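Peer 1: Attaching a predicted model along with its sequence, questions to come.
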Amino acid sequence: MKNNDFYFCGILQKHNQSITFETKKLRRMKRDKSLRCLVLNADYTAMSTITWQMALSVVYKYQNEPLLGVSVVDYYKNEFILATNGHRYPIPAVIVKNEYLRMDNRKVPFSRKHVFVRDKMTCMYCGNVFSSKKLTFDHVVPRALWKGPGTPTNWQNIVSCCFPCNQRKGGKTLKQVNMRLLKRPTAPNCGGYVLGLGPWNRIPQEWEQYIPNHYKDICNGDS
Ligand SMILES: [Zn+2]
């Protein structure tokens, strides 16, 4: 078992419940990387996704502390874990925070998936839309020419880019290759973002009504 599973068992043991995983089912779930739980803010806007183990942990951990806790909105229809007493525990698909968390000024953590979401799967040079497998990153100011501050791999210097445009630009500046950006890249705020949800993720049926429309256009589970 991995650390997460030990952690989860520990939480349940604290609540005097003896749980073992049904091995076959667990193996299946581990292969299914998309089996995560969607976390909603108290106003039911989608905020982030967490592992199903973590979701079960927080549900049990804070069940007697309503303000810190979460409520389960929906469970996966066909996923469960089996306790030694034969009881089937359903796995949360969507949980909602009981207390509203202000998100307006929070920045989205820099990551490949969040850059693709920001740029709406569009090459920022030619303007064409691609699947995540046909899209890559480009450093607007090439790494070799970066003079700081900080790292060149940041929100203001990274854009989504198709392979042909990436090849054309290479390690040169925009001026040197006579290319232009469609839009100046900036660091987005959390509003409208579901942290951790990438364009290559499949959106489970249980999440659909909570996911902003622009994700439905770009998420296709293509890797
Ligand atoms: Zn392009």
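Peer 2: Okay, I see it.
Peer 1: Could you check how far the longest strand seen in the chain is from the centre of its chain?
Peer 2: The longest strand of the chain (DSSP state E) is strand 70-82. Computed by Cα atoms, centre = their mean, to the nearest Å, the chain-centroid distance of strand 70-82 equals 19 Å.
Peer 1: Could you tell me what pLDDT the model assigned to the nearest residue to Leu181 once chain neighbours are set aside?
Peer 2: Once flanking residues are discounted, Leu181 sits nearest to Met124: 5.5 Å by Cβ to Cβ, 6 or more residues apart in numbering. Placement of C-beta: from N, CA and C, glycine included. Listed pLDDT for Met124 reads 97.
Peer 1: can I assume Met54 is in contact with Cys37?
Peer 2: Yes. Between Met54 and Cys37 a contact is recorded at 7.4 Å, counting by Cβ atoms under 8 Å.
Peer 1: More neighbours: which of the two?
Peer 2: Legend: neighbour count by other Cβ atoms under 10 Å for Met54 and Cys37, higher for Cys37 (29 against 17).
Peer 1: helix, strand or coil for that one?
Peer 2: Following DSSP: H, G, I helix; E, B strand; the rest coil, the label given to Cys37 is strand.
Peer 1: just checking, it touches Ser48?
Peer 2: No. With contact defined as Cβ under 8 Å, Cys37 does not reach Ser48; the gap is 9.6 Å.
Peer 1: before we move on, back to that, residue contacts, the residue nearest to Leu181?
Peer 2: 138, 159-161, 181-183, 185 (Cβ atoms under 8 Å, 6 or more residues apart in numbering).
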